[in-house]
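Novice: This is a predicted model, with the sequence first.
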Amino acid sequence: MNDRFYSVEQVAERLGLHVRTIRNYVREGRLSAVRIGKQYRIAHEDLEAFTGRSAPASPRDTARRQRHTEVSGIVEIDAVSPETADRLTTLLMGSAANRGPGEQPLRIETAYDEERARMKIIVLGGLGDTARLFDYIEAVLAS
């Protein structure tokens, strides 16, 4: 268990937000914190839960961090039928939803413009996972 705690000021600096904004998040219950005397302390795990990702590390924490890579890609497909667009969406969303414990998150957004028969797919994830998804897309379009 990681027992690092941050002050409101440290969290504001790490997230690039104003101190008042962080205090408001705490008061509204959006960010969990413990009150010690007149000050709030935010646990590392609560900050990670709030941001949906690992908390940004300070420069002195960099040596302890593991390497992280992420790919963002946008795929635009013209002349795609509604059925194929639906098939691709189902395949991609299923891939993103069935992640094992400890696997890097995979985020996917799809949009289909029926009038133009155009589909746009936005993928954010690890190098290998993203490459596999692009292979899936290619295979569905080739079939």
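Specialist: Structure received. Bear in mind that the values here come from a model prediction, so they are computed numbers and not experimental data. Numbers count the residues shown, from 1 in each chain.
Novice: what phi and what psi does the backbone show at the residue in the chain sticking out farthest from the centre?
Specialist: What lies farthest from the middle of the chain is residue 37; by CA atoms, centre = their mean that is 34.2 Å. Reported as degrees, to the nearest 10, the phi and psi values for residue 37 are phi 70, psi -120.
Novice: ditto for residue 44
Specialist: phi -50, psi -40.
Novice: you'd agree residue 132 is in a strand?
Specialist: No: counting by DSSP: H, G, I helix; E, B strand; the rest coil, residue 132 falls outside a strand, being helix.
Novice: Give me the pLDDT for it.
Specialist: Per-residue pLDDT puts residue 132 at 89.
Novice: Identify all contacting residues around the strand or helix carrying residue 76.
Specialist: Assigned by DSSP states H and E, residue 76 belongs to strand 71-77. Contact with strand 71-77 is made by 118-127, 130, 134, 137, 141, as judged by CB atoms under 8 Å, 6 or more residues apart in numbering. Placement of C-beta: from N, CA and C, glycine included.
Novice: Run me through the strand neighbours of it, direction for each.
Specialist: strand 118-125 (antiparallel) (DSSP bridges).
Novice: Dump the C-alpha coordinates for the partner strand into PDB.
Specialist: Extracted C-alpha coordinates of strand 118-125, given in PDB (Å, rounded to 0.1, in the frame of the first residue of the first chain):
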ATOM      1  CA  ARG A 118     -18.100   8.000 -42.900                       C
ATOM      2  CA  MET A 119     -16.800   6.500 -39.600                       C
ATOM      3  CA  LYS A 120     -14.300   8.000 -37.200                       C
ATOM      4  CA  ILE A 121     -12.500   5.900 -34.600                       C
ATOM      5  CA  ILE A 122     -10.400   7.400 -31.800                       C
ATOM      6  CA  VAL A 123      -8.100   5.100 -29.900                       C
ATOM      7  CA  LEU A 124      -6.000   5.800 -26.900                       C
ATOM      8  CA  GLY A 125      -3.900   3.000 -25.400                       C
END
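Novice: No further questions, thank you.
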